[in-house]
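Q: Below are the sequence and a predicted model for it; my questions follow.
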Amino acid sequence: MADARHHAQNGNGNGLIAILGAGSLGRLWGALLPAGAAAYIPRPNPDEKATPDLIYRFQDCQGRQYPVTLPALDRIPRKPEVLMVTTKAGDTLAALEATLPHMEPSIPVVLFQNGLGSQQAVAERWPDRPIMAASTTEGANRPDIDTTVHAGQGETWIGALTNSASSLVGPTVSRLETSGLTIHEEPNILNRLWGKLIINAGINPYTAILDCANGDILNAPLFRDTIRQLCLELAEVMHHEGLPPRSPEDMLLQIEAVARKTAKNTSSMCSDARRGKPTEIDYINGYIVRRACAHNLPAPVNQMLTEQVKRRTPASQQPQPNGPGVT
């Protein structure tokens with residue numbers, strides 16, 4: 001692995017990939033893209049005279065570990081050709097407001113946020129830029145501040161959100177495939193994002209409320225008593241959104257299958273709640289509630305889960321549901 005990365009650094013003629021958001025997912029891509037092909041965009045810090053490299057240990061899916069050094073973009077003479085945005089959903093719009101003025105307007109922007117709402121807000125804010133959204137099942141976590149673990153191999157789908165992005169999806173996928181990850185072009189990315197939203201809405205809030213791993217929700221009374229109604233609410237909202245029909249029964253089976261498959265995993269929402277950090281509930285169950293309201297539909301279970309997750313996080317730290325990143 002180290003030899004391959006060294007070779008890529010010396011022989012890579014492709015353009016630079018900039019990563020905005022240096023959390024677990026951003027560090028996963030930073031570790032797997034060829035050395036010299038990626039750089040991270042640091043948060044502005046006027047107290048720092050020089051931007052430091054991002055240095056961490058990476059553990060791949062086979063348990064092998066190696067050090068990664070990801071340089072800061074402002075220390076690289078080359079201009080980026082792709083911007084990957086791996087920030088939390090609630091931080092995305094503000095982060096791009098600070099970043100995009102320094103980027104060429106033709107650079108593809110690929111959004112990797114959980115849930116829905118932030119992606120539409122970005123596309124509406126910059127309709128003339130090539131904005132894409134990604135849906136990924138790659139698993140990554142940070143057991144400590146200096147370590148990133150590739151917890152589970154998955155797949156990634158990328159599709160256009162704005163007209164100018166349509167012709168750039170293929171070349172962007174080709175650039176990101178240099179990571180060795182499985183990536184697909186997706187002609188209907190919003191439908192794909194709704195598919196992932198079903199899973200997130202049916203697992204993440206329960207793990208955050210119950211403070212447990214994914215598999216532990218399956219026999220919990222809160223889950224058993226409400227999950228069927230949650231799926232009914234989702235099916236109604238998706239029907240009114242004009243999406244392909246999905247039965248509540250199929251949604252339930254899919255949610256339960258993923259919870260069993262990832263039984264020992266801790267969801268990002270549960271991790272955020274444990275640490276008292278803002279969760280992405282407003283972009284998952286909260287988004288479903290807002291879309292239900294837009295169609296004059298009731299969504300009591302999604303509303304209840306949204307409220308209970310918010311009780312676990314101080315009010316001052318909650319993202320604003322009608323603020324940045326939400327349509």
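A: Great, that's in hand. Residues are numbered from 1 along each chain as shown.
Q: need the contact list for A95.
A: L20, G21, V85, T87 (CB atoms under 8 Å, 6 or more residues apart in numbering). Where you see a C-beta, it was placed from the backbone N, CA and C, and this is true even at glycine.
Q: Buried residues in whatever helix or strand it lives in, which are they?
A: Element membership of A95 [criterion: DSSP states H and E] is helix 92-99. Judged by neighbour count (16 or more other CB atoms under 10 Å), helix 92-99 contains these buried residues: T92, L93, A95, L96, T99.
Q: so the first one makes contact with M84?
A: No - with contact defined as CB atoms under 8 Å, T92 does not reach M84; the gap is 11.9 Å.
Q: Looks to me like L25 is in a strand.
A: No - L25: not assigned to a strand; according to DSSP: H, G, I helix; E, B strand; the rest coil it is helix.
Q: Please tell me how far it sits from R224.
A: 31 Å (CB to CB, to the nearest Å).
Q: same check, this time on P300
A: Counting by CB to CB, the gap from P300 to R224 is 17 Å.
Q: next one: R290
A: 26 Å.
Q: go on, R57?
A: R57 is 40 Å from R224, where distance means CB to CB.
Q: Check T279 too.
A: 23 Å.
Q: Show me which of these two is the more surrounded one.
A: Just comparing T279 and R224: by other CB atoms under 10 Å the higher neighbour count belongs to T279, 30 against 11.
Q: The more buried one - that's part of a helix, no?
A: No - counting by three-state DSSP, T279 is located in no helix; its state is coil.
Q: In contact with it: list those residues for me.
A: A208, M269, D272, A273, V309, K310, R312, T313.
Q: that older thread, quick check: next helix or strand after the helix holding A95?
A: Taking DSSP H and E, what comes next after helix 92-99 is strand 109-111.
Q: Name the next helix or strand downstream of that following strand, please.
A: helix 118-125.
Q: Okay, buried residues for that next one please.
A: S118, Q119, Q120, A121, V122, A123, R125.
Q: Check stretch 60-71 too.
A: For stretch 60-71, by 16+ other CB under 10 Å, it's D60, V68, L70, P71.
Q: Go through those residues and say which is closest to G152.
A: Comparing the buried residues of stretch 60-71 against G152 with CB to CB places D60 closest, at 11.3 Å.
Q: what's the burial count for K264?
A: Residues contacting K264 under the criterion other CB under 10 Å number 9.
Q: check contacts around it.
A: Contacts of K264 by CB under 8 Å, 6+ apart are A213, N214, G215.
Q: now with 6 Å?
A: By CB atoms under 6 Å, 6 or more residues apart in numbering, the contact list for K264 reads A213.
Q: Would you agree it falls within a helix?
A: No - counting by three-state DSSP, K264 is located in no helix; its state is coil.
Q: pretty sure H150 is in a strand, no?
A: Yes - assessed with three-state DSSP, H150 lies in a strand.
Q: partners of it in the sheet?
A: For H150, the beta-bridge partners are A140 (DSSP bridges).
Q: My guess is it contacts D60. True?
A: Yes - contact criterion CB atoms under 6 Å: H150 and D60 qualify, at 5.2 Å.
Q: List the contacts of the closest residue to C293 other than its chain neighbours.
A: What sits nearest to C293 in space, not counting adjacent residues and going by CB to CB, 6 or more residues apart in numbering, is A299, at 7.7 Å. By CB under 6 Å, 6+ apart, the contact set of A299 is E233, I288, V289, A292.
Q: mind redoing it with 8 Å?
A: Here A299 is in contact with E233, V237, I288, V289, A292, C293 (criterion: CB under 8 Å, 6+ apart).
Q: And the residue nearest to the fifth one when sequence neighbours are not counted, how far from T279?
A: Spelled out, it's A292. Residue nearest to A292 in three dimensions, not counting chain neighbours: A299, with 3.8 Å by CB to CB, 6+ apart. For A299, the distance to T279 equals 18 Å [CB to CB].
Q: right, and the secondary structure at I19 would be what?
A: strand.
Q: That one contacts W29, correct?
A: Yes - between I19 and W29 there is a contact under CB under 8 Å: 6.1 Å.
Q: list residues touching both of these two?
A: A38, M84, T86.
Q: Are we agreed that the second one is in a helix?
A: The reference is to M84. No - secondary structure of M84 (three-state DSSP): strand, not part of a helix.
Q: Test my guess that it contacts G30.
A: No - counting by CB under 8 Å, M84 sits too far from G30 to count as a contact (9.3 Å).
Q: where do the contact lists of the two overlap?
A: I19.
Q: now, among the shared contacts of I19 and W29, which is nearest to I131?
A: For those, the nearest to I131 is M84 (12.4 Å; CB to CB).
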